[in-house]
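1. Fold the following.
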Amino acid sequence: MVRAIPRGRVLSYGGIARLIGHPSRARAVGTALKNAPEGIPCHRVVDSRGRIVPGWARQRELLEGEGVRFSDKVRVDMRRCAWDFDRE
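-> Reported below is the predicted structural model:
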């Protein structure tokens, strides 16, 4: 599911959990992504408020490189950059 998130878009852990049929398992999604193999675009996953992972400075660099806009130092502008998987 994470591979389906388009460049320049983000999705929350909860959004992924809902898409895979386990809406109450957002934390499990986070744990799985923490241990994900190379090549999974984990940087495109943020929390429900658009916050990036604390201590992972590279995440912001990767997202900005794809054109993702930030509303402040640690939050993605979710109105502009959240992936609306129902419409795309």
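2. From now on I want contacts and neighbour counts done on CA atoms only, so please keep to that.
-> OK.
3. Just the helices from this structure, written as ranges.
-> Applying DSSP state H to the chain gives helices spanning 13-19, 26-34, 57-65, 78-81.
4. so can I have TSV of those showing mean pLDDT?
-> Shown next, in TSV, are those (pLDDT from 0 to 100):
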stretch	mean pLDDT
helix 13-19	96
helix 26-34	95
helix 57-65	95
helix 78-81	95
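5. Out of those, which is closest to Ser71?
-> Closest to Ser71 of the helices of the chain is helix 78-81 (C-alpha to C-alpha; 8.4 Å).
6. ok now that closest one, how far from the chain's centre?
-> 12 Å (C-alpha atoms, centre = their mean, to the nearest Å).
7. what residues does that helix touch?
-> Gly8, Arg9, Val10, Arg49, Gly50, Val68, Arg69 (C-alpha atoms under 8 Å, 6 or more residues apart in numbering).
8. Report the contact partners of the third one.
-> Contact analysis of Val10 by C-alpha under 8 Å, 6+ apart lists Arg44, Val45, Val46, Met78, Cys81, Ala82, Trp83.
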